[in-house]
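> My questions concern the predicted model and sequence given below.
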Number of protein chains: 2
Amino acid sequence: LSSGMYVHVRKMLHHMPAPDVAFLLESTPARSRAVLWQLIDPEFHGDILEELSEDVRNGIIRQMMPEKLADALEDMDTDDLAELLRGLPDAIFQEVLRSMDEQDRQRAEQALSFGEDTAGSIMNTDTITLRPEVTVDVILRYLRLKGEIPEDTDAFYVVNRHDKLIGLVPVIRLLTATADMTVEELMDEDAERIPVDMPEGEVAKMFERYNWVSAPVVDKENHLLGRITIDDVVDIIREEAEHSMMSMAGLDDEEDTFAPVLKSTQKRSIWLGVNLVTALLAAMVSDMFEETLSQLAVLAILNTIVPSMGGVAGSQTLTLVIRGMALGHVSGGNSRWLIGKELAVGALNGVIWAVLIAGVVALWKDDLMLGAVIAFAMMINMVAAGLAGATLPLLIKKMKIDPALAGGVILTTITDVVGIFAFLGTATLMLM
Amino acid sequence: LSSGMYVHVRKMLHHMPAPDVAFLLESTPARSRAVLWQLIDPEFHGDILEELSEDVRNGIIRQMMPEKLADALEDMDTDDLAELLRGLPDAIFQEVLRSMDEQDRQRAEQALSFGEDTAGSIMNTDTITLRPEVTVDVILRYLRLKGEIPEDTDAFYVVNRHDKLIGLVPVIRLLTATADMTVEELMDEDAERIPVDMPEGEVAKMFERYNWVSAPVVDKENHLLGRITIDDVVDIIREEAEHSMMSMAGLDDEEDTFAPVLKSTQKRSIWLGVNLVTALLAAMVSDMFEETLSQLAVLAILNTIVPSMGGVAGSQTLTLVIRGMALGHVSGGNSRWLIGKELAVGALNGVIWAVLIAGVVALWKDDLMLGAVIAFAMMINMVAAGLAGATLPLLIKKMKIDPALAGGVILTTITDVVGIFAFLGTATLMLM
């Protein structure tokens, strides 16, 4: 690209499918990204925007003229349109809405009326509905006339005259049915439906558990509003699973790998700030034992071992519980059992590693008493780690905070403070 | 359950769909799980086994008689069968194979012949194939006669007389076509196909990128072997995303949240052992400065701050790069740019947090020189963290080791050693 073969690149981009172009843009440093974007035929801008991740997309949109953006958004699916508009800064958002034609604006406003991250926000309105009394023959003639069926249609929805969903007919069933059968005879009446205000995480879980390709969305009165397709659900599953991993490392889950240096530094600074406070807190605990430390330098040397082991054991438990909660396996009913189990694992871990570290330290520093002190501290901290790892996510969730985001820092603060206090405290009592 | 209302529970289980029963089993402690399993109608055992995660499933299978297990496996999809058999201990595996009838055994052996974690291992053989010269009318009559079409069929595959794949016809296109059109007129010729030996992670990426519901699998000579459906791909996406998170915490990704205490303790001990070695290594670095530490206890108190900040900054970079690699965004071509960027972020972070910590320490301990020493060490360690976080995953991957598993420990070892060495080393030079 740097060698300026623009014509060649433009030609190549022109022949690539939209998802591949999106992938290429996401793998490119922010500066080259803008150049690439200029080389892409504006006709495809909409398709490509649909495929990009939020952070990368917003970076590109901010450099586009609102009218051009409105043009690009014309043919977008309702759900993608709403998601994209929600991510825009307010000023641009208003301008884009103004530049749209009447029909698009209405569509956008309707899509935006559903709560963010609910079934409504990932729903498409391109359903094909049937009436129960119609025969297969009539449907087939109607479809041939219509000529096109929306992508990923695996079922037609059956509604009564009040537009209420009463069942669905899988597409493949139409193929095996005889011409004179009616929709009523073919339809599944007890097919699942998704309430429009169901959180998207729940929707994803249902798709995953029941292996759906698409599912109808209804309002409280059971009116058919649209459908959700597996491709949007796959994105949610990916995002949710990544979210935990990224939050546990203190990263915004949409962070663009190729963002500019300043933006990256800024995004990561909150977490480093929180960690600085935590580290200072641990230092203050050590500070309480300055007298002891000044007399026994060996304690300073061994001071990091117990907190470190507690941190690892605690985050194992924490990660497991957070995943269990995300999968829906851990709930009020079995959480007491789980806490009990993790306490037992902590205690057992404590015994094992206490014996080991006691041996290592006693041999290394030739001091049996010192070995006993560090073993005792290890024991205490492992139990604390198990208890904190299992209870923290449950407690934090009750306070409506994301356990993946806050759990790690609080946990290491606990294991650091308990570990240092137990080690230096016991040492002060026993060795001084 | 504990109150012994077995009849009631049995009835309830009987009316639940298989995925819900599987979910219930996964949310139950290992002991109650065995009791629940006894209460389930053996007729549904196969369906439920299909839905369970590997760890939970293996626990259950180990308590089943091989003949009963063989019965339960009778109607299972080829890909699920192969996955299940692969997870079995060798002795049970042989016995189960012996207890199967001839046809099932052949099916199982064929499925097992494909490499683990490749497209072949998640492929089903229930495809419907068409010849190019057939008309829509004939197909519809054939399908009506056949009566049933495999679940999730969204396309029929077109093969020539040598069974080579030459195209596909989306199901919905059959509905809009007129009766006298031929398959040749309707089919997509340039539809993508998946080589049977493609790793399953690659398959998942293709499904995700192109929003497929199913895709044909072919061998090297382009013979149609089967198809992969989105439901299996969703499981892979979930597993891959979880895998990184779990490995980074040093957990086996299939670990069962409700496993017994002994098994859990054992599974987590490897990681704790590795961490103990790391912690001892860091302690040895401190040990080199025993003289300095014994004279200035304040250094012992502040000794954890620099390594801790380096650890957080480093794992932010590490997590981001590992995710970028998992998504395929980071490759040889842009890795130099990325390392440069992360170095810059590390340096900028270094300046910011060096100034802050210098201020805090200078005020707290009323010692300007001490502030300067810790600021310098912070600076060094942040740059080291950025460099290690960006290069480690790339290096580790070159050695064919999973970066998510090994990256974290190596990284914290580096940030601990560099942090302690920089802090105590500078302090020895400047303050002694």
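Great, that's in hand.

> list the contacts for A:Asn349?
Listed by C-beta atoms under 8 Å, 6 or more residues apart in numbering or on different chains, the contact set of A:Asn349 reads A:313, A:382, A:386, B:265, B:268-269, B:272. All C-beta spots, glycine's among them, are computed from the backbone N, C-alpha and C.

> Which two of the residues you listed have the greatest separation?
Based on C-beta to C-beta, the longest span within the contacts of A:Asn349 runs between A:Gly386 and B:Ser269 and measures 13.6 Å.

> quick one: which of these two has more around it?
A:Gly386 (27 against 16; other C-beta atoms under 10 Å in any protein chain shown).

> Tell me if the helix or strand where that one lies is near chain B.
Using DSSP states H and E, the secondary-structure element containing A:Gly386 is helix A:368-398. No - Helix A:368-398 stays clear of chain B (C-beta under 8 Å from any C-beta of the partner chain), getting no nearer than 8.9 Å.

> Identify each buried residue in that helix, please.
By neighbour count on 16 or more other C-beta atoms under 10 Å in any protein chain shown, the buried set for helix A:368-398 is A:370-394, A:396-397.

> what packs against whatever helix or strand comes next after it?
Scanning forward in sequence from helix A:368-398, with DSSP H and E defining helices and strands, the next element found is helix A:403-431. Under the contact criterion of 3 or more C-beta pairs under 8 Å, 6 or more residues apart in numbering or on different chains; DSSP states H and E, helix A:403-431 touches helix A:230-248, helix A:261-287, helix A:290-295, helix A:297-302, helix A:305-326, helix A:368-398.

> 7 Å instead, please
Judged by 3 or more C-beta pairs under 7 Å, 6 or more residues apart in numbering or on different chains; DSSP states H and E, helix A:403-431 is in contact with helix A:230-248, helix A:261-287, helix A:290-295, helix A:305-326, helix A:368-398.

> Please tabulate those helices in JSON lines and include mean pLDDT and distance to A:Asp77 as additional columns.
Conversion of those to JSON lines gives the following (pLDDT from 0 to 100; distance: least, C-beta to C-beta, whole Å):
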{"stretch": "helix A:230-248", "mean pLDDT": "84", "distance to A:Asp77": "9"}
{"stretch": "helix A:261-287", "mean pLDDT": "89", "distance to A:Asp77": "29"}
{"stretch": "helix A:290-295", "mean pLDDT": "90", "distance to A:Asp77": "63"}
{"stretch": "helix A:305-326", "mean pLDDT": "90", "distance to A:Asp77": "27"}
{"stretch": "helix A:368-398", "mean pLDDT": "94", "distance to A:Asp77": "33"}
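
> Look up phi and psi at A:Gln103.
Summarising the backbone geometry of A:Gln103 under the convention degrees, to the nearest 10, its torsions are phi -60, psi -40.

> Could you check how many residues crowd around it?
Residues near A:Gln103, counting by other C-beta under 10 Å, number 9.

> cool, and A:Glu202?
By the criterion of other C-beta under 10 Å, A:Glu202 has 14 neighbours.

> is the helix or strand containing it up against chain B anywhere?
Secondary-structure element containing A:Glu202, defined by DSSP H and E: helix A:200-210. Yes - taking C-beta under 7 Å from any C-beta of the partner chain as the criterion, helix A:200-210 and chain B are in contact, through A:208-210.

> Would you mind listing where chain A has pLDDT under the threshold?
Residues of chain A meeting the criterion pLDDT under 70: A:1-4, A:252-255.

> tell me the domain ranges of it?
Structurally, chain A divides into domains by automatic domain parsing as follows: A:6-117, A:129-229, A:261-431.

> now, of the ones you listed, which is deepest in the fold?
Highest mean neighbour count of these: domain A:261-431, a mean of 21 (counted as mean count of other C-beta atoms under 10 Å in any protein chain shown).

> distance between that one and the chain's centre?
With C-alpha atoms, centre = their mean, to the nearest Å as the basis, the distance from the averaged C-alpha position of domain A:261-431 to the chain average is 27 Å.

> do stretch A:105-120 as well
From the chain centre to the centre of stretch A:105-120 is a distance of 20 Å (C-alpha atoms, centre = their mean).

> Enumerate the residues of the stretch 1-150 of chain A near chain B.
Within the stretch 1-150 of chain A, the positions lying close to chain B (C-beta under 7 Å from any C-beta) are A:19, A:23, A:26-27, A:29, A:140, A:143-144, A:147-149.
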